[in-house]
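> Next come a sequence and a model predicted from it.
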Amino acid sequence: MSARSVGLPVQNASNFMCWGSKTRMDWAKTVKVVRKRLNMNQETFAGVLGISQTTVSRLESGAAEPTDDIQHKLEVLRTDPRMRSVFDDFVAAIRLSPYASFLIQPEDSVFRLEAVSPLMTQTLGDTAETLNQVKTAGDLVMHLDALLSRGFEAGRIDSATGVWADGRDPQGYWKVVYSPMRDGTGSWFIFAALTTASAADYEQHRAQHDGGLAVTAYSRETQA
């Protein structure tokens, strides 16, 4: 793809949102993601955008913000159907899924909601940008903090199972299976798939596992 392919009408790019979520665009992440999906080094990508390699480097490090013109070019590239990755399709599938699930990106014990299924939106609410902001999600946040401390991000754990009481009226109980995953740029996320549970199952799981969380599969490297 060349710079000539960037030719949509200019928009107010400052209003672009990050990956379809409620949060504003993370331009440092966007520049790096788009460049890597095009399989370009910084110098070649700079030519596509019409800027210097130094500027690309500053954008990717977060030391600079793109101009409106560059933001528009990035948005055109980002939303081109040919740029879609398997991870993009996975995120879209979560947002359209009839099943309970969500995808979060950890950022220093802050768990940003990257994608939430409609059923989970009904449970968590549709205004929170992070799981930490959901008053009834304390146990979920505790699970995620525990997984981080046990090496989830480092690849030492393949999956874990917890239980959660959603605090709604009437009370709902859930079994939660957590799995780590990475996108095409190496950024890592945690996917949670939920199924309904009974109050008895909830209490039994919590009695058997401290804090209601159990590691169900370690990576082969850890087992070795």
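On my side now, so go ahead. Remember, predicted model here, so these are calculated numbers, not experimental data. Numbers count the residues shown, from 1 in each chain.
> switch to C-alpha atoms for all contacts and neighbour counts from now on
OK.
> The most far-flung residue of the chain relative to its centre and Ala165, how far apart?
Checked against the mean C-alpha position of the chain, the extreme residue using Cα atoms, centre = their mean is Ala200, at a distance of 31.9 Å. Ala200 sits 12 Å away from Ala165, taking Cα to Cα, to the nearest Å as the criterion.
> tell me the domain boundaries of this structure?
Structural domains annotated on the chain: 12-83, 87-223, as defined by automatic domain parsing.
> I'd like those domains as JSON lines, with mean pLDDT appended.
Listed next are the domains of the chain as JSON lines, based on pLDDT from 0 to 100:
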{"stretch": "domain 12-83", "mean pLDDT": "82"}
{"stretch": "domain 87-223", "mean pLDDT": "91"}
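> hey, where'd the strands end up in the protein?
When assigned using DSSP state E, the strands of the chain occupy the ranges 100-107, 110-116, 157-165, 173-182, 188-197, 213-218.
> so which of the ones you listed comes closest to Val76?
With Cα to Cα, the closest approach to Val76 among the strands of the chain belongs to strand 110-116: 20.8 Å.
> what's the angle between that closest one and strand 100-107?
On the basis of axes from the mean of the first three to the mean of the last three Cα atoms, to 10 degrees, strand 110-116 is oriented at 140 degrees to strand 100-107.
> For Gly47, grab the count of nearby residues.
By other Cα atoms under 10 Å, 14 other residues sit near Gly47.
> Could you report the separation of it from Ala93?
Taken as Cα to Cα, the spacing of Gly47 relative to Ala93 amounts to 34 Å.
> CA atoms of stretch 178-197 as CSV?
Included here for stretch 178-197 are C-alpha records, laid out as CSV according to Å, rounded to 0.1, in the frame of the first residue of the first chain:
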residue,chain,number,x,y,z
TYR,A,178,-9.4,-16.6,31.7
SER,A,179,-7.0,-17.1,28.8
PRO,A,180,-4.0,-14.9,27.9
MET,A,181,-3.5,-13.8,24.3
ARG,A,182,-1.4,-11.5,22.1
ASP,A,183,-2.3,-9.5,19.1
GLY,A,184,-0.1,-9.3,16.0
THR,A,185,2.1,-6.6,17.5
GLY,A,186,2.9,-8.4,20.7
SER,A,187,0.6,-6.5,22.9
TRP,A,188,-1.1,-8.8,25.3
PHE,A,189,-4.7,-9.2,26.5
ILE,A,190,-6.8,-11.4,28.8
PHE,A,191,-9.9,-13.0,27.4
ALA,A,192,-12.7,-14.0,29.8
ALA,A,193,-15.5,-16.4,28.8
LEU,A,194,-18.3,-16.7,31.3
THR,A,195,-21.1,-19.3,31.9
THR,A,196,-23.8,-19.2,34.5
ALA,A,197,-23.4,-21.1,37.7
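> Okay, buried residues for that stretch please.
Judged by neighbour count (16 or more other Cα atoms under 10 Å), stretch 178-197 contains these buried residues: Tyr178, Ser179, Pro180, Met181, Trp188, Phe189, Ile190, Phe191, Ala192, Ala193, Leu194, Ala197.
> Can you redo those residues as TSV, where the extra columns are distance to Gly212?
As requested, those are arranged in TSV below (distance: Cα to Cα, whole Å):
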residue	distance to Gly212
Tyr178	13
Ser179	16
Pro180	19
Met181	22
Trp188	24
Phe189	21
Ile190	18
Phe191	18
Ala192	15
Ala193	16
Leu194	14
Ala197	13
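> Tell me the one among those residues nearest to Ile51.
Within those, distances to Ile51 taken as Cα to Cα reach their minimum at Trp188, with 29.0 Å.
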